[in-house]
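Engineer: Predicted model, plus sequence, below.
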Amino acid sequence: MDEFVQQLRTYIIQHDFQLGATLQGKVAPSIFDHLKEMFVKFIKTNGDDINSEFLIPTVINYLLQTQREKVFALNSNSNWFGITHKEDSPFVGFQMQKIVDNGEYPKVLF
């Protein structure tokens, strides 16, 4: 196991953190090097703030602004919503049910 990953795992366990990430789309493997670099900086700056969030779109925006990477995005008319906090769950569940009821998303995926 990569030393960084092991250190991160130990840090998360010791601090009882819950982590979640959504990475949508096709990305070059180099994104993980950038994420690792910026996550280390994030932990050094925000490690004690339990409300801080390491946001992948912020990393991608930084990479675009500094011209370190290029991003090709697909357009969609769909809304995006996700669960960051447990309080988000009822809203997301309601929105997902509306999409299923409208026939825009299957009730059973597999």
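Structural biologist: Perfect, I can see it now. Numbers count the residues shown, from 1 in each chain.

Engineer: Could you list the domains of the chain?
Structural biologist: With automatic domain parsing as the criterion, the domains of the chain are listed as 26-73, 75-110.

Engineer: Deepest-packed of these, please.
Structural biologist: Highest mean neighbour count of the domains of the chain: domain 26-73, a mean of 12 (counted as mean count of other CB atoms under 10 Å). Every residue, glycine included, has its C-beta placed from N, CA and C.

Engineer: Over that domain, what's the mean pLDDT, rounded is fine.
Structural biologist: Per-region confidence: domain 26-73 scores 84 on mean pLDDT.

Engineer: circling back to that earlier point, mind giving me CSV with the domains of the chain and columns for distance to residue 3?
Structural biologist: Output for the domains of the chain, formatted as CSV (distance: least, CB to CB, whole Å):
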stretch, distance to residue 3
domain 26-73, 11
domain 75-110, 29
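
Engineer: The closest residue to residue 106 other than its chain neighbours: helix or strand, and which one exactly?
Structural biologist: Of all residues not flanking residue 106 in the chain, residue 100 sits nearest, at 7.4 Å (CB to CB, 6 or more residues apart in numbering). Per DSSP states H and E: residue 100 is located in helix 89-101.

Engineer: Can you list the neighbours in contact with that helix?
Structural biologist: 79, 81-83, 105-107 (CB atoms under 8 Å, 6 or more residues apart in numbering).

Engineer: One more pass at 10 Å, please.
Structural biologist: 78-79, 81-84, 104-108 (CB atoms under 10 Å, 6 or more residues apart in numbering).
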